[in-house]
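Undergrad: Fold the following and give me the result.
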Amino acid sequence: MNRSDNPKYDGTIHPEEWVKQIQLRFYDKNNENIRNEQEFVNYCKLLIHPSIKILPETNSIIGLVNDLKTDISYNIFKKSIKRKLQFNYSISKNKHETLKFLNHFQQLLYEGEITEFGEQKKIFLNTLQKESIQHAFISHKFDKINSMEELFKYFYESFVEELKIIKNGSYIALKHVATGKYLTSDNDLVFAGSTIKDLNSVWIISEKQESTRYNQLGKFLTVFYGDLFDLKNKKNDLRLYVSNYGKSPATKHRQVSCKDESELWHCMSTNYENPPYVRNKDIINLQSNRIVLRSHEFTFNHFGETYQEVVGHKERIGGNDEWCIEIIELDNDSNKLNNYGYY
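TA: Got it, this is the predicted structure:
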């Protein structure tokens, strides 16, 4: 063994890690015998910087490590580790990079002797970019997470969660929960149509630029509850609009139609357990300037056809105001609706 290759101890490495490195090099070249512990400790003392105090009577590995941890240099080292933990992890979908991040995080916790899980959990959350789905997902689950295993499990689940989120530019359908019919437009006419989706019931979410929230996904913008957006019908390019004066044909509530002008809507959650962002299959209320979108079993006739009415109102919110938001995938060539398993 070339002892000159052994690393000196100057307080910039965890004492236990340093001792392990010396132990590995203290085997003879045939890896058959290890030296006497006293001899090993005496040799280690020669590698320790003179400014770091070691008790003369220390003659064991445990005692040596304890001496190193008692020195002020160790407190400085732990503080430096805590500073290292104040970083923002650039979220990667590469499994290898994710594993490296998680392993590195655990190593820093060990070196900084951060053992209280509540503190570990807060540090982990702070390493995630605040506008990322990972941060929002972990934050939403925060109080339910009681171990490092659960924390890492939810972190991995957050990548599956990304598949469910509604984004700026998403194609969606809105199914009326009480009747199972989809919000549909035929030119300027809006109604609850069939229980089967078609192109007339596909809408495009377009967020108001001032309310968008950027995240690590770059070009994608996640829709959060309360974010403002308009809804443009895929078939006719007209936007969902609620009148301030016009009356609906059946119940004389506010008339809902499609127009070539913007009307800003936002989603309200119907379940307090929902995360702060809108997901596929969430049950929502849709509101524009305190006017709530509603459908019911009341119908009206238009050019000899019967339609289920859709209206806007300011009354008490109830079951007829619930809509299930669904992500729609369109074939780019044929404009046909695709169905995917996670939807």
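
Undergrad: which outside residues touch the longest helix seen in the chain?
TA: Counting residues, the longest helix found in the chain (DSSP state H) is helix 95-111. With contact meaning CB atoms under 8 Å, 6 or more residues apart in numbering, helix 95-111 is reached by 14, 17, 77-78, 81, 84-85, 89, 92, 115, 120, 123-124, 127, 148, 152, 155-156. Every residue, glycine included, has its C-beta placed from N, CA and C.

Undergrad: So among those, which ones count as buried?
TA: The neighbour count (16 or more other CB atoms under 10 Å) marks 14, 77, 81, 85, 89, 120, 123, 124, 127, 148, 152, 155 as buried among the contacts of helix 95-111.

Undergrad: Any chance of TSV for these, columns secondary structure?
TA: TSV is the format used below for the buried ones among the contacts of helix 95-111 (DSSP: H, G, I helix; E, B strand; the rest coil):
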residue	secondary structure
14	coil
77	helix
81	helix
85	coil
89	strand
120	helix
123	helix
124	helix
127	helix
148	helix
152	helix
155	helix
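
Undergrad: the strands in the stretch 151-300 of the chain, which residues?
TA: 171-176, 183-186, 189-192, 203-207, 229-233, 239-247, 254-259, 266-269, 283-288, 291-302 (DSSP state E, counting those that start in this stretch).

Undergrad: Distance to residue 160, mean neighbour count and mean pLDDT for those - can I get that in TSV?
TA: As requested, these are exported to TSV (distance: least, CB to CB, whole Å; neighbours: other CB atoms under 10 Å; pLDDT from 0 to 100):
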stretch	distance to residue 160	mean neighbour count	mean pLDDT
strand 171-176	19	21	98
strand 183-186	28	23	97
strand 189-192	32	24	98
strand 203-207	21	20	93
strand 229-233	24	22	96
strand 239-247	30	17	94
strand 254-259	35	20	96
strand 266-269	20	18	96
strand 283-288	20	20	98
strand 291-302	30	18	96
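
Undergrad: so which of those strands comes closest to residue 139?
TA: Residue 139 lies closest to strand 266-269 among the strands of the stretch 151-300 of the chain, at 15.5 Å (CB to CB).

Undergrad: count of residues packed around the closest residue to residue 8 other than its chain neighbours?
TA: Spatially, and ignoring its direct neighbours in sequence, residue 8 is nearest to residue 47 (5.1 Å; CB to CB, 6 or more residues apart in numbering). By other CB atoms under 10 Å, the residues close to residue 47 number 14.
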